[in-house]
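**Q** I would like the atomic coordinates for the input below:
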Amino acid sequence: MKEIGNNLLAIDTSIGEGSISIWYDGIEIARQIGDPEKPPLSETILEMIENLSREQGLLLENFDCIAIALGPGSYTGIRVGISTALGISLAVGCKTIGIPTLTALSIECQNEKCMSVLSIGGEDLAIQASEPGQNSTREYSEMTIVNFDGFRKLLLCKIFTDKKTAGVLNGIISGSDLPSEMVVASDNISHLVAMAALSERQEKADLSPIYARNFGSGR
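**A** Just a heads-up that it's a prediction; the model follows:
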C-alpha cells in the first residue's frame, strides 16, 4: 500500500456540526468547525475547504491525502463527506484514507484499554473497545450496538466520546458502579481523524460508509 504523506486534509461530517482540519508537514495549521447558526457543513463543505486552504496559501493539489470520517453518525453527513473526499481525490489525484469515527475518537488513548462510544438515537449506543497491540499499535474490537441496559452490564474502562454522547452517558453512569472517567472530544473531530490517518500511514482507498444499521447488536 502507498504512504499517505504528511500534507493532509481531514474531514468529519459524521458528528455534530462537522469540521475540517488542514495538516502540513504533519502539523495542524488550520481548522474550521461548522456553525449551528449557518447552513450545515454538509451543504457548504467544498467552499469551506477551498477558502480555508486558500487562507493558508494552499491549493487542493498540495494535499497528499484526504482523510475522511466514515461514521457511524449522521447518515446525510457521512454520504456528503465521503462524496467530497472522493471528488477531490479524483480531481487532483491525491490519496484517500477512511477512518471509522469510533476509531478516531479513541486515537489519543494511551497504553490502556478503552472504549469509544457514540449515541445513535433513542437508547442505542455504538461502541468499540480497543487495547494496546504489538509494535505500538492498537487492536480494535468489532463495532457493535448496545442499549442503555446492555451498556450498564459491560465491564467498562476509560470512555472516549463526543459532547452529545457525554451528556447521555452522564445520565447512565450517575449513581451506578460504572467507572465515570470519560474523555470528551472537542468539536474538531477532524483533528482526531487526521491523527488516526497519520498513525496508520497507509492509503485506504475503500471509503465505504459505516452506518449504525449495518453492524451487529450486542444487546
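
**Q** Show me the helices in the chain, by range?
**A** 41-55, 75-92, 101-105, 148-153, 163-173, 189-200 (DSSP state H).

**Q** winner for burial among the ones you listed?
**A** helix 101-105 (a mean of 27; mean count of other Cβ atoms under 10 Å). In this view, the C-beta of every residue, glycine as well, is placed from N, C-alpha and C.

**Q** give the contact list for the spatially most central residue of the chain.
**A** Ranked by distance to the mean C-alpha position of the chain (Cα atoms, centre = their mean), the top residue is Thr101 at 3.1 Å. Contacts for Thr101 (Cβ atoms under 8 Å, 6 or more residues apart in numbering) come out as 12, 14-15, 69-73, 118, 189, 193, 210.

**Q** Separate out the buried members of those.
**A** The neighbour count (16 or more other Cβ atoms under 10 Å) marks 12, 14-15, 69-73, 118, 189, 193, 210 as buried among the contacts of Thr101.

**Q** Poorly predicted segments of the chain, please.
**A** Within the chain, the ranges that satisfy pLDDT under 70 run 1-2, 136, 155-156, 173-180, 214-219.

**Q** If you count neighbours, what's buried in the strand ranked longest in it?
**A** Longest strand in the chain, counting residues (DSSP state E): strand 124-132. Across strand 124-132, burial judged by 16+ other Cβ under 10 Å covers 124-130.

**Q** Go through those residues and name the one nearest Asp25.
**A** For Asp25, the nearest member of the buried residues of strand 124-132 is Ser130. The distance, counting by Cβ to Cβ, is 27.9 Å.

**Q** how much space between the closest one and Gly167?
**A** Using Cβ to Cβ, to the nearest Å, Ser130 is found at 23 Å from Gly167.

**Q** again with Thr96
**A** Thr96 is 33 Å from Gly167, by Cβ to Cβ.

**Q** do Asp64 as well
**A** Taking Cβ to Cβ, one finds Asp64 at 37 Å from Gly167.

**Q** so what's Val193 up against?
**A** 10-12, 21, 67-69, 99, 101, 104.

**Q** Distance check, it against Pro40.
**A** Between Val193 and Pro40 the computed distance is 18 Å (Cβ to Cβ).

**Q** Who does the longest strand of the chain pair with, and is each partner parallel or antiparallel?
**A** Partner strands for strand 124-132, per DSSP bridges, with pairing direction: strand 114-119 (antiparallel), strand 138-140 (antiparallel), strand 144-147 (antiparallel).
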